[in-house]
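J.: I'd like to go over a predicted model; first the sequence, then the structure.
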Amino acid sequence: MDEHQDQHDTPTFDPLQGDPLLSALIRATESSGNRMFGVTVTVEGLVISGIITPISEYFDEIASWFERAGSHGLADAYRPQGEQEQQPEDWEPRYLHLTGIRAFLGSMPVPSDPSTATPWRIRLSSISGWCMGNLAEGPPQHPTP
């Protein structure tokens, strides 16, 4: 086996771009245009759980939040952002956009009102760990045999 072939089979890690496997999930979400994956990430001690969201939907949700708050000028400024975010094929994401957020500091949920919750934008290089799936509030659920 060629030594160059081995280098292409294993994703490389660039700390400025974050984990290549998480980046692949983000690219899959962007190319499909759908919310497909729930993830939980750790950022500076905060555990954040949510659904990976295409960047255009992220900007639309931020714009809608500003509209509900009565800031139509800011809403108009955010809406075109999503439309301009068509990514080239070799694009590498730098941010993770999550909706349906649940955040925890230790075992304590960070209070939030689902009716006013906004999506989160997290720099990939700030994520120290992640896993597939969402966390839920309450005691741990153990599978029954």
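T.: Perfect, thanks for sending it. Keep in mind the model is a prediction, meaning the values are calculated, not measured.

J.: Just the buried residues of whichever strand in the chain runs longest, please?
T.: Counting by DSSP state E, the longest strand found in the chain is strand 95-105. Buried residues in strand 95-105, counted by 16 or more other Cβ atoms under 10 Å: 95, 96, 97, 98, 99, 101, 102, 103, 104. C-betas here are computed from N, CA, C, even on glycine.

J.: Okay, now the unreliable bits of the chain?
T.: 1-17, 80-90, 114-116, 136-145 (pLDDT under 70).

J.: Show me the helices in it, by range?
T.: Assigned by DSSP state H, the helices in the chain fall at 3-9, 20-32, 55-68, 72-83.

J.: Which of those helices sits closest to residue 132?
T.: Closest to residue 132 of these is helix 20-32 (Cβ to Cβ; 8.4 Å).

J.: So which elements touch that closest one?
T.: Contact here means 3 or more Cβ pairs under 8 Å, 6 or more residues apart in numbering; DSSP states H and E; on that basis helix 20-32 packs against strand 38-43, strand 46-52.

J.: Please produce TSV containing the helices of the chain, extended by mean neighbour count and distance to residue 112.
T.: Output for these, formatted as TSV (neighbours: other Cβ atoms under 10 Å; distance: least, Cβ to Cβ, whole Å):
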stretch	mean neighbour count	distance to residue 112
helix 3-9	8	41
helix 20-32	16	23
helix 55-68	18	13
helix 72-83	14	20
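
J.: Just put those in TSV and tack on distance to residue 108.
T.: Formatted as TSV, the helices of the chain follow (distance: least, Cβ to Cβ, whole Å):
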stretch	distance to residue 108
helix 3-9	42
helix 20-32	25
helix 55-68	25
helix 72-83	31
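
J.: nearest to residue 111, of those?
T.: Residue 111 sits nearest to helix 55-68 of all those, at 17.7 Å, using Cβ to Cβ.
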